[in-house]
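Peer 1: Sequence first, predicted coordinates after that:
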Amino acid sequence: MQISRFIIVAMLSITCTRAVAGDLVAGDLGEPIDLSSFSAMESVIEESQQTLGADGTPIVQVYDDGRASWIRPYVTGIAGASFGTLNTGGGGGFGGTPLGFAGSVNEAMFTGGGAIGVAFDQPSGLLRMEVEGRARGPMQGKTQFFVVEETNVLPIDTVASGGWSAMTNFWRDWFLSDRFGVYGGGGFGVGGYQYSTSLTEGGQTLGGSSTVNTFAWQVGTGFTYQLSDRVTFDTGYRFFAMSPASNPVSLNSGSFSQSIGSSTSAFSASELLLSIRIYEPFRNWR
């Protein structure tokens, strides 16, 4: 009996619900839902996921003032004056007589080249990393050849030509205003030149020639002026140096040739450089 009453009540509830639903019109349900808005939301979600890492943090750094950091490639043309010094030393012996080399060559020469790198935006300027290649003009002059424990000193021709360097540099730029700034930094790499020394005396020739390839480093500072958003002009000072190298020297007389030791050489220079840096040089080619 209880079960029958439950069934009857349930059937009456269903009948009433259908009747009420039948009396409803479309306007009673409100405005229809625009499902196209969900596709727009999906595109926003996808865009936000592209700028967020796996842990939900932004991939692009955003500073406290709301600026987003950026990375820009650049190329640089470099030209200037190199005030070089080639210090010589070393020695040897012949027939039990100790011999020596000394003195230096000083010369101003042209230096030029270029660099390619990337600049990282920083709150107060830029951090730049680049690869630089430069060439330097020849230098020549007189150094000294002497017999140890004697006062007799002979001038000997010394030449360094074909100077070059390949460096990896790190520079930090600080902006003083919208256009002016200062920078400092340095780099390391390799450098070289063709070294030769010679002396002819009494029908005999003393000398040698060799290719120098050695470690090189530099430090520098300067000023920058931003000509436009993509072009920056800078003028700076650098101290450049190469590690000492050993160059064999021999005594030649007709068909006779005898090694007598080696002359060492070490190149260094104070350099004044003018550079033009162009950011995103191939932007218009896209």
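Peer 2: Looks like it arrived, so ask away.

Peer 1: what ranges do the helices span in the stretch 151-286 of the chain?
Peer 2: Using DSSP state H, counting those that start in this stretch, the stretch 151-286 of the chain contains no helices.

Peer 1: what about the strands in it?
Peer 2: Here the stretch 151-286 of the chain has its strands, by DSSP state E, counting those that start in this stretch, at 153-175, 180-201, 204-226, 231-242, 245-253, 256-279.

Peer 1: quick one, which of the ones you listed is nearest to residue 134?
Peer 2: In this view, these are compared for proximity to residue 134 by CB to CB, and strand 153-175 is the closest at 5.3 Å. The C-beta positions use only the backbone N, C-alpha and C, and glycine is treated the same way.

Peer 1: for the closest one, packing partners?
Peer 2: strand 71-94, strand 104-122, strand 125-136, strand 139-147, strand 180-201, strand 204-226, strand 256-279 (3 or more CB pairs under 8 Å, 6 or more residues apart in numbering; DSSP states H and E).

Peer 1: Let me have the strands of the stretch 151-286 of the chain in JSON lines, extended by mean pLDDT.
Peer 2: Written out in JSON lines, the entries for the strands of the stretch 151-286 of the chain read as follows (pLDDT from 0 to 100):
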{"stretch": "strand 153-175", "mean pLDDT": "96"}
{"stretch": "strand 180-201", "mean pLDDT": "96"}
{"stretch": "strand 204-226", "mean pLDDT": "95"}
{"stretch": "strand 231-242", "mean pLDDT": "97"}
{"stretch": "strand 245-253", "mean pLDDT": "91"}
{"stretch": "strand 256-279", "mean pLDDT": "94"}
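
Peer 1: and residue 252, how many residues sit next to it?
Peer 2: The criterion is other CB atoms under 10 Å. On that basis, residue 252 has 15 neighbouring residues.

Peer 1: who touches it in this structure?
Peer 2: For residue 252, the contact set (CB atoms under 8 Å, 6 or more residues apart in numbering) comprises 204, 205, 206, 207.

Peer 1: Mind doing that once more with 6 Å?
Peer 2: Contact partners of residue 252, counting by CB atoms under 6 Å, 6 or more residues apart in numbering, are residue 205.

Peer 1: Next: residue 109.
Peer 2: Taking CB under 6 Å, 6+ apart as the definition of contact, the neighbours of residue 109 are 82, 136, 137, 139.

Peer 1: follow-up on the earlier one: right, and the helices and strands packed on strand 153-175 - which one's nearest residue 165?
Peer 2: Taking CB to CB, strand 180-201 is the member of the helices and strands packed on strand 153-175 nearest to residue 165, at 3.8 Å.

Peer 1: So which bits of that closest one are buried?
Peer 2: Buried residues in strand 180-201, counted by 16 or more other CB atoms under 10 Å: 181-183, 185-187, 189, 191-193, 195-197, 199.

Peer 1: Make CSV out of the strands of the stretch 151-286 of the chain and add distance to residue 145.
Peer 2: Below are the strands of the stretch 151-286 of the chain laid out as CSV (distance: least, CB to CB, whole Å):
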stretch, distance to residue 145
strand 153-175, 4
strand 180-201, 6
strand 204-226, 7
strand 231-242, 23
strand 245-253, 9
strand 256-279, 9
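
Peer 1: Could you export stretch 251-271 as PDB, CA atoms only?
Peer 2: What follows is stretch 251-271, C-alpha atoms only, in PDB (Å, rounded to 0.1, in the frame of the first residue of the first chain):
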ATOM      1  CA  LEU A 251     123.500  33.700 -37.600                       C
ATOM      2  CA  ASN A 252     124.000  33.200 -41.300                       C
ATOM      3  CA  SER A 253     127.200  33.600 -43.300                       C
ATOM      4  CA  GLY A 254     127.100  32.200 -46.900                       C
ATOM      5  CA  SER A 255     126.100  28.500 -46.600                       C
ATOM      6  CA  PHE A 256     126.700  28.500 -42.900                       C
ATOM      7  CA  SER A 257     123.700  28.900 -40.500                       C
ATOM      8  CA  GLN A 258     123.800  28.500 -36.700                       C
ATOM      9  CA  SER A 259     121.000  29.100 -34.200                       C
ATOM     10  CA  ILE A 260     122.000  31.500 -31.500                       C
ATOM     11  CA  GLY A 261     118.900  31.700 -29.300                       C
ATOM     12  CA  SER A 262     115.700  33.600 -29.500                       C
ATOM     13  CA  SER A 263     114.300  37.100 -29.300                       C
ATOM     14  CA  THR A 264     111.100  37.700 -27.300                       C
ATOM     15  CA  SER A 265     108.400  40.200 -28.300                       C
ATOM     16  CA  ALA A 266     105.400  41.500 -26.500                       C
ATOM     17  CA  PHE A 267     102.800  43.800 -28.100                       C
ATOM     18  CA  SER A 268     100.600  46.300 -26.200                       C
ATOM     19  CA  ALA A 269      98.700  49.400 -27.300                       C
ATOM     20  CA  SER A 270      96.600  52.300 -26.100                       C
ATOM     21  CA  GLU A 271      93.800  52.800 -28.600                       C
END
